[in-house]
Structure formats: structure tokens, C-alpha cells
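# Need coordinates for the following:
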Amino acid sequence: MINKLVNSVAEALAGVQDGATVLVGGFGTAGIPNELIEGLIEQGAKDLTIVNNNAGNGETGLAALLKTGRVRKIICSFPRQTDSFIFDALYRSKKIELELVPQGNLAERLRAAGAGIGAFFTPTGHGTLLALDSAGQSKETRVIDGKGYVLEYPIHGDVALIKAERGDRWGNLTYRMAARNFGPVMANAARLAIATVHEVVELGALDPEAIVTPGIFVSRVLRVDRVATTAGGFANKT
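As a prediction, this is how the structure comes out:
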């Protein structure tokens, strides 16, 4: 019997190794798998490469992981915000490497990994510093129909940490509104996709037409409580 449900964060994260490339879902503060990030901090894996849209907010979630000093490199689109002071300090002191990727390119590089695409040409970044690789060398370019394009490669993950809304024991997932963001492409791009859900349903309860991430792409599913914010700004688990 296929059953991808796990009983704890520790069980969900079992086997995540030092040096792993970890794809972390989320867009700003929407769709962040905070329970899994907190579990990764406790688990202790180090020398990580993190792929996320942002580089953390405040001192919680991804920012808290960066603060541990166990992230070697971050690949993201928006590393700096008003409250990204942990990333800012690490980057200025050369304690973390940054690969800046335009948001559309980030999504497409992840999608390409899941789709088995070896590389693709995109106009985004052509003729700018974003057309240089991490060594400062120019990436391959091509002119197509008179327009300049730059060659980009897929981003494969060892692990994906994603937040969904509902799931079943086969790993089929649905999402809630903007919390969907990078979750589906990250699940497809990783060898080990771990999802949290707020509700576990029986097989067949999810409309097949509404399933966004099929269970074939998901390895483990953990049910977590929903966190509600009170009027005073405090988080309560419900």
C-alpha cells in the first residue's frame, strides 16, 4: 500500500545530507514551509545551497536558517528587503554566496529541471551583468530573429520543501491561492520532495482536475496545524 504520510518533522527530513541543494517554496511570506525550515535547523545539515524567491525576512523561517551559518550559497530573485538584515550582514561579510536570478528565469530553470530540458535560451538578462556566470565569464548567447538571448541551465534540487493546503496518502497536493507559487515546479525538480499540508483527505476526495502536484512527484507528506495571526500580531496554532 502506498502511504507517503509521515508522523513528524524529523521523519519528514530524514536523510537530508550536508552539501544538499534545498529548494524552498514561498513568495515573500506566502507559502513558506516554516515547520520544515525549523526542522532543518534542528536536523543540523550544513554547507547547504538554498533556492528560494527571497533571502529571508526578519529572524524567522529562512532567515533563521541563514543565521545558523550552515548555508553556503543562496540562489534567489529578491535577496534584499527592508527586513533582510541577516542576509545583508552575511553577504557583506562574505560569509554567503549569492546567485541572483530574475524571477521568471528562476521559475523556468526549476521547471526545466522537472521537464528534463537540458538548457534554454531566454532574453531576460541579455546584455546585463546577469548574463555573467558565477566566475564572471559571459554565458553563451545567441541572436534569434534579431533579438539577443542568453543560455540558462536547469536548477536541480536534492530536496524540495514545500507547503500545500490539502493532500492524500499518495502525495497528491492542492494549494491555497498565492501559497502555490514555486511549490509545484520545485516538487518536480527535486529528487526528494517533502510537503506539509493542513488537511489530509481520503483517496479520491481530491478532484483530479484540481490536483496541482501529482503524487508521483512527492515523497513525503506531513500534516501540520494552521498558524493564525491574531489582531495583536501574535501567531496561534489552530
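# Residue 69 contacts residue 95, doesn't it?
Yes: using Cβ atoms under 8 Å, residue 69 is in contact with residue 95, at 6.9 Å. The way it works is simple: take the backbone N, C-alpha and C, and place the C-beta from them, glycine included.
# roughly how far apart are the residue nearest to residue 165 when sequence neighbours are not counted and residue 130?
On the basis of Cβ to Cβ, 6 or more residues apart in numbering, the spatially nearest residue to residue 165 that is not a chain neighbour turns out to be residue 176, at 4.1 Å. Separation of residue 176 from residue 130 (Cβ to Cβ, to the nearest Å) stands at 32 Å.
# Quickly list the domain ranges of this protein.
5-118+154-237, 120-152 (automatic domain parsing).
# Pull up the distance across the last one, start to finish.
Just to be clear, that refers to domain 120-152. Using Cα to Cα, to the nearest Å, one end of domain 120-152 lies 6 Å from the other.
# to the chain's geometric centre, what's the distance from that domain?
Mean-position distance between domain 120-152 and its chain equals 24 Å (Cα atoms, centre = their mean, to the nearest Å).
# can you check the longest one too?
Its chain's C-alpha centre and that of domain 5-118+154-237 lie 4 Å apart, by Cα atoms, centre = their mean.
# Now that domain: average pLDDT?
Domain 5-118+154-237 shows an average pLDDT of 92 in the prediction.
# ok, so what distance separates the residue of the chain most remote from its centre from residue 108?
Distance from the C-alpha centroid of the chain, by Cα atoms, centre = their mean, peaks at residue 146 (34.9 Å). Using Cβ to Cβ, residue 146 is found at 22 Å from residue 108.
# cool, and residue 149?
13 Å.
# Just the buried residues of the longest helix seen in the chain, please?
Looking across the chain with DSSP state H, the single longest helix is helix 103-115. By 16 or more other Cβ atoms under 10 Å, the buried positions in helix 103-115 come out as 105-114.
# Is it possible to get TSV of those residues that adds distance to residue 62?
Below are the buried residues of helix 103-115 laid out as TSV (distance: Cβ to Cβ, whole Å):
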residue	distance to residue 62
105	20
106	15
107	18
108	22
109	19
110	17
111	22
112	24
113	21
114	22
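# Determine which two of these are furthest apart.
Within the buried residues of helix 103-115, 105 and 114 form the most distant pair, 15.2 Å apart (Cβ to Cβ).
# Mind listing the shared neighbours of residue 149 and residue 108?
Taking Cβ atoms under 8 Å, 6 or more residues apart in numbering as the criterion, residue 149 and residue 108 both touch residue 122.
# okay, how far is it across stretch 39-59, tip to tip?
End to end - Cα to Cα - stretch 39-59 spans 15 Å.
# Hmm, I typed the wrong one, I wanted stretch 136-152.
So stretch 136-152: terminal residues 15 Å apart, Cα to Cα.
# what's the answer for stretch 93-102, then?
24 Å.
# what does that stretch rub up against?
55, 66, 69, 71-77, 79, 87, 90-91, 109, 124-125, 130, 134.
# Filter those down to the buried ones, PyMOL style.
In PyMOL, this line selects whichever of the contacts of stretch 93-102 come out buried by 16+ other Cβ under 10 Å:
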select buried, resi 55+66+71+74+75+76+77+79+87+90+91+109+124+125+130
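# Which of the contacts of stretch 93-102 fall in helices?
66, 87, 90-91, 109.
# mind listing the helices in this protein by residue range?
Under DSSP H, the chain gives helices at 9-12, 34-43, 62-67, 85-92, 103-115, 183-189.
# Specify the stretch among those that is closest to residue 158.
Nearest of these (Cβ to Cβ): helix 183-189, 10.3 Å.
# Report the buried residues of that closest one.
Within helix 183-189, the residues that count as buried by 16+ other Cβ under 10 Å are 183-189.
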